[in-house]
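> Here you go, sequence then predicted model.
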Amino acid sequence: MHKVFGVSTIVVLLLSSAVLAGILQSQGYIVDSTNKFVLPALSSAAGNSFNTVIVGNTQQASSPFGHVMTFQTEAGMLLQGISATGMGGVLGGTQGGEGPEATGWQVQVHDGGFSLGNQNQDVTADLTQNVYKNGGVGMVVGVQNFVGGQVQLVMTPFGASANVQYVAVALYDVVAGGPGGDIEISGGTTISGGQGTQP
């Protein structure tokens, strides 16, 4: 009777240790940036405005017994630029300002059991841009670019799993004209990707 109770206690403790060896890690980012530039109606003028945003996250975890190792990292870069030159008119542009330009998130879950666990990741880029020339003579150039990538790795005695994804998107708009003309260009683009691994 005492031997059976002792063996049962050991089994319960081992199962409890396996549950306590679980891993949960998540990371994410939101890039919300607005670049606005206006060149007023002067005799002759030129100017530009630039934004650069860089994000990066890295996480690593392992079970107390070293049987499971998880790693995830993400990085992104947003570049925004407006350049204008002219005379006698109002020239300018706006980039962003209608919500986040980029978002990303990742989650890794492993219960310490006999599986590769769960991995999920998602990344989205949503860029908007507007450039204009109202009267006068001149030119406006708008350039906007986002590049983002994510990597997830899980290594266990039962196998390994990897999720890798990236997105790259760019906007380029130019307006130019002679005296008295009004020109405006508006554009936007959205791209997203997601993937997951289940046990």
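Thanks, I have it.

> count of residues packed around the closest residue to H110 other than its chain neighbours?
Closest residue to H110 apart from its sequence neighbours, by CB to CB, 6 or more residues apart in numbering: G117 at 3.3 Å. C-betas here are computed from N, CA, C, even on glycine. For G117, the count of nearby residues is 21 (other CB atoms under 10 Å).

> In contact with G117, which residues?
Going by CB atoms under 8 Å, 6 or more residues apart in numbering, G117 touches I23, V68, T70, Q108, V109, H110, D111, V154, T156, S161, T197, P199.

> nearest to V167, of those residues?
T197 (19.1 Å; CB to CB).

> Next one, pLDDT for the closest residue to that closest one other than its chain neighbours please.
Distance criterion CB to CB, 6+ apart; nearest residue to T197, sequence neighbours excluded, is Q119 at 4.4 Å. pLDDT recorded at Q119 is 92.

> re earlier: and which of the contacts of G117 is nearest to S44?
Q108 (57.1 Å).

> Now the closest one. Its backbone dihedrals?
Main-chain dihedrals, Q108, degrees, to the nearest 10: phi -130, psi 130.

> In terms of helix, strand or coil, where does the closest residue to it other than its chain neighbours fall?
Ranked by CB to CB, 6+ apart and with sequence neighbours excluded, the top spatial neighbour of Q108 is T70, at 4.8 Å. Under DSSP: H, G, I helix; E, B strand; the rest coil, T70 falls in the strand class.

> so who does T70 touch?
So T70 contacts 23, 25, 59-62, 108, 110, 117, 152-155 (CB under 8 Å, 6+ apart).

> hmm, which of these are the buried ones?
I23, Q25, Q59, Q108, H110, G117, Q152, L153, V154, M155 (16 or more other CB atoms under 10 Å).
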